[in-house]
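**Student:** give me a 3D structure for the following:
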Amino acid sequence: MFCAERWAAGMAEFVVNLIVNFMLGLTFTGIGIYATRRKEPMWFWSGSTVSSHEIKDIPAYNRANGVMWCLYSVLFYLAGLLYFWSPYLGITFVLLAVFPGIPVLIWNFYRTKRKYHR
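**Tutor:** Reported below is the predicted structural model:
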């Protein structure tokens, strides 16, 4: 009986983690799709804008931003799935997505902005 209760508690923990990570992944995938479909240049920082006069190829610039966000979301999907096999591995992926992942996103955004800058 103890093993069944422990398994049920572990499965409930996995399901909660899976839902949270997939919600995060879907959020970043949604940002990526939104960035790809925008007619105006996509921004990165809240409250800031990128002028269409600054960007020479807006569809390519937005596509690069969209790909960046979609690739970032993959880390959260993987974290949710890997948590099933090892909670430590799942948590490690979340930490890698958040701590080194955000500076890499910032670096990639500015690299993309420089690439498509007039």
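**Student:** quick one: the helices in this protein?
**Tutor:** In chain order, the chain shows helices spanning 2-37, 58-85, 87-98, 101-115, with DSSP state H as the criterion.
**Student:** let me know how buried A79 is, in neighbour terms.
**Tutor:** Here the count is done by other CB atoms under 10 Å, and A79 has 26 residues near it. To be clear about C-beta, it is placed using only N, CA and C from the backbone, and glycine gets the same treatment.
**Student:** check contacts around it.
**Tutor:** Contacts for A79 were tallied using CB atoms under 8 Å, 6 or more residues apart in numbering; they are N21, G90, I91, F93, V94, A97.
**Student:** how far away is A12 from S46?
**Tutor:** Counting by CB to CB, to the nearest Å, the separation of A12 from S46 is 35 Å.
**Student:** more neighbours: the two, which one.
**Tutor:** With other CB under 10 Å as the criterion, A12 and S46 differ in neighbour count, and A12 comes out ahead with 10 against 5.
**Student:** quick check: that one vs I19, distance?
**Tutor:** Applying CB to CB, the value for A12 to I19 is 11 Å.
**Student:** likewise for R114?
**Tutor:** Taking CB to CB as the measure, R114 and I19 are separated by 38 Å.
**Student:** the more surrounded of the two?
**Tutor:** I19 (11 against 8).
**Student:** would you single out the least confident of the helices of the chain?
**Tutor:** Mean pLDDT values for the helices of the chain show the minimum at helix 2-37, a mean of 84.
**Student:** check which helices and strands that one sits against.
**Tutor:** Counting by 3 or more CB pairs under 8 Å, 6 or more residues apart in numbering; DSSP states H and E, the packing neighbours recorded for helix 2-37 are helix 58-85, helix 87-98.
**Student:** out of these, flag the one nearest F109.
**Tutor:** helix 58-85 (6.9 Å; CB to CB).
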